[in-house]
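In: Got a predicted model here, sequence first, then my questions.
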Amino acid sequence: MKTISILGSTGSIGTQTLEVVEEQKDLQVAALAAGSNIALLERQIRKFHPSLAAVWDEKKAKELRENIKDLKLKVVSGMEGLLEAATIPEAEIVVTAIVGMIGIRPTIAAIKAGKDIALANKETLVTAGHLIMPLAKKNKVKILPVDSEHSAVFQALNGEKKNKIHKILLTASGGPFRGKKRKELEAVGIEDALRHPNWSMGHKITIDSATLVNKGLEVMEARWLFDVELDQIQVVVQPQSVIHSMVEFEDGGIIAQLGTPDMKLPIQYALFYPERRFLSGKRLDFAKLGQITFEEPDEQTFLGLPLAIEAAQKGGSMPTVFNAANERAVSKFLERKISFLQIYDIISKCMAVHCMIENPDLDQILETEQQVYDYIESRW
Ligand code: NAD
Ligand code: MG
């Protein structure tokens, strides 16, 4: 029996993690943390019997306490609550399925408490990878990728030596606007941007897929996870989303991981690594699929990728600026306050005015985040 804690249990990754728990009988849930959806959280509590629930919103936490007073369960709230869920003694693995850089502190706390991390929350690694990876090493904990591309690379590296990697070929679907030019993106709305061709995910990452910011974040995530140079990572558009990523080795051999687009595979792989388990669901049928095609990413139109590479090359606090600006810009787009293309304007403006800190510590990362938010509020 393995015991896990899930941060972000009511979201896309969180609910699919619980589907894996339901299917695999030897997983137990110690803690569930969510933002504000207490109706779903209550159903999850009644089904999976955790000993702790964390709700970000204090008022909602109170409401939940009232609704489940027939149960013996502690309900906590705010950052303290999240940290308690991340460090609960019973859990061996913490699934970080929370969205945004709010995940940094709980991830660090979980590592310090000796938990392995099933990492979905890429924003954490993008902004604090230089702190998190050495900390994980020091505490002898595993960072197990849940992001499908990184899980694919992780699987391709089984039995291989990292120093034999020539390059990582990170695949991208191209998102809902693949093939469109800048002019055509001027008037696109939320509904268009949320129509991802292959994956059903939370709103923030779906918008990030449309801007190609997601792929940029994934380049940075890959760099930390696999300890490679930026120029060893190449993004390849593969619109059918059946090749989840590939590794080219020194000798020119390439190992890819393929399958139908289903996040339960990387989630399950992270939870049981190095063991593989049966997973129900659709299987890839090559004859039906017919073809797998490839393209170069259109970096002239989808500025999310080149801006991310620029932030990664500059390093230091710049990836935090890139990420924080994007987080706030995406919220504003989802609130219909800015247009789709303004997401790029906000990110590039925030990067242009930032005074870089070479090797930011946690406080400096969080201060930088706040400065970016304040700057955006004062201008947009
Ligand atoms: P989502 O929006 O569906 O879910 C986010 C979860 O985080 C929800 O449970 C929400 O309640 C919780 N949350 C948000 N703010 C919180 C807070 N302050 N305190 C506690 N809980 C909070 O998002 P998602 O699509 O599941 O994505 C989660 C993370 O996984 C993101 O970092 C995303 O980039 C990454 N990811 C997702 C997918 C996917 O298929 N959905 C794939 C790869 C990576
Ligand atoms: Mg991904």
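Out: Perfect, I can see it now. Treat the numbers as computed from the prediction; the structure is a model and nothing was measured. Numbering: from 1, shown residues only. Ligands and ions are numbered 1, 2, ... in the order given.
In: Okay, helices next: where are they in the stretch 1-150 of the chain?
Out: Under the criterion DSSP state H, counting those that start in this stretch, the stretch 1-150 of the chain contains helices at 12-23, 38-48, 58-67, 78-87, 104-112, 122-138, 148-156.
In: so which of the ones you listed comes closest to ligand 2?
Out: The closest of the helices of the stretch 1-150 of the chain to ligand 2 is helix 148-156. By CB to the ion, the value is 4.7 Å. Backbone N, C-alpha and C define where each C-beta goes, glycine included.
In: near ligand 1 at all, the helix or strand following the closest one?
Out: Next helix or strand after helix 148-156 toward the C-terminus (DSSP states H and E): strand 165-172. No. Residues of strand 165-172 are not located near ligand 1 by CB under 6 Å from any ligand atom, the shortest gap being 12.5 Å.
In: outside of strand 165-172, which residues touch it?
Out: Residues outside strand 165-172 that contact it (CB atoms under 8 Å, 6 or more residues apart in numbering) are 149, 152-153, 157, 212, 215, 218-219, 222, 226, 228, 232-238, 241, 243-250, 252, 254, 256, 297.
In: Make a PyMOL selection of the buried ones in the residues you listed.
Out: This is the PyMOL syntax for the buried subset of these, where burial follows 16 or more other CB atoms under 10 Å:
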select buried, resi 149+152+153+157+212+215+218+219+222+226+228+233+235+237+238+241+243+244+245+246+247+248+249+256+297
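In: Could you restrict the contacts of strand 165-172 to the ones contacting ligand 2?
Out: By CB under 5 Å from the ion, the members of the contacts of strand 165-172 lying near ligand 2 are Glu149.
In: The contacts of strand 165-172 in strands, which ones?
Out: If you go by DSSP state E, the contacts of strand 165-172 have 233-237, 243-249, 254, 256 in strands.
In: CA-only coordinates of stretch 26-45 in CSV, if you can.
Out: Extracted C-alpha coordinates of stretch 26-45, given in CSV (Å, rounded to 0.1, in the frame of the first residue of the first chain):
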residue,chain,number,x,y,z
ASP,A,26,-3.2,-0.4,-3.4
LEU,A,27,-3.1,3.4,-3.2
GLN,A,28,-4.3,5.3,-0.2
VAL,A,29,-5.0,9.0,0.1
ALA,A,30,-3.8,10.8,3.2
ALA,A,31,-4.6,14.4,2.3
LEU,A,32,-6.5,16.4,-0.3
ALA,A,33,-6.0,20.1,-1.0
ALA,A,34,-8.1,22.3,-3.3
GLY,A,35,-8.8,25.9,-4.0
SER,A,36,-12.5,26.5,-3.5
ASN,A,37,-14.6,23.7,-5.0
ILE,A,38,-15.8,22.3,-1.8
ALA,A,39,-18.8,20.4,-3.3
LEU,A,40,-16.4,18.2,-5.3
LEU,A,41,-13.9,18.1,-2.5
GLU,A,42,-16.6,16.8,-0.2
ARG,A,43,-17.5,14.0,-2.6
GLN,A,44,-13.8,13.1,-2.8
ILE,A,45,-13.5,13.0,1.0
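In: From the chain's centroid, how far away is it?
Out: Mean C-alpha position of stretch 26-45 versus that of the full chain (CA atoms, centre = their mean, to the nearest Å) differs by 19 Å.
In: residues of that stretch that come out buried?
Out: 27-35, 37-38, 41-42, 44-45.
In: any idea of the mean pLDDT in it?
Out: Averaging pLDDT along stretch 26-45 gives 98.
In: which two in the ones in strands among the contacts of strand 165-172 are spaced the farthest apart?
Out: Farthest-apart pair in the ones in strands among the contacts of strand 165-172 is Val237 and Phe249; separation 22.3 Å (CB to CB).
In: okay, and for the protein, where does confidence drop off?
Out: Along the chain, no part satisfies pLDDT under 70.
In: Of all the residues in it, which one is nearest ligand 2?
Out: Here the chain gets closest to ligand 2 at one residue, Asp147, 4.2 Å apart by CB to the ion.
In: what does the stretch 151-300 of the chain have sitting close to ligand 1?
Out: Trp199, Met201, Gly202, Lys204, Ile205, Met263.
In: Buried among these? Need that as a selection in ChimeraX.
Out: Written as a ChimeraX command, the selection of buried residues from those, which uses 16+ other CB under 10 Å, is:
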select :199,201,202,204,205,263
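In: Intersect the residues of the stretch 151-300 of the chain next to ligand 1 with the contacts of ligand 2.
Out: Applying CB under 5 Å from the ion to these, one finds that nothing falls near ligand 2.
In: If we only consider the residues of the stretch 151-300 of the chain next to ligand 1, which is nearest to Ala86?
Out: Nearest to Ala86 among those, with distances taken as CB to CB, is Gly202, at 19.5 Å.
In: Report the contact partners of Ile104.
Out: For Ile104, the contacting residues are Thr124, Thr127, Ala128, Leu362, Ile365, Leu366, by CB under 8 Å, 6+ apart.
In: wait, I meant Glu186
Out: Contact analysis of Glu186 by CB under 8 Å, 6+ apart lists Ser339, Phe340, Leu341.
In: And it, how far from Trp380?
Out: Applying CB to CB, to the nearest Å, the value for Glu186 to Trp380 is 17 Å.
In: Could you do Tyr373 as well?
Out: To Trp380, Tyr373 is 11 Å away according to CB to CB.
In: quick revisit: which of the contacts of Ile104 tops the neighbour count?
Out: Thr127 (30 neighbours; other CB atoms under 10 Å).
In: Helix or strand: which one has the closest residue to that one other than its chain neighbours?
Out: What sits nearest to Thr127 in space, not counting adjacent residues and going by CB to CB, 6 or more residues apart in numbering, is Thr320, at 4.3 Å. For Thr320, the host element (DSSP H and E) is helix 318-334.
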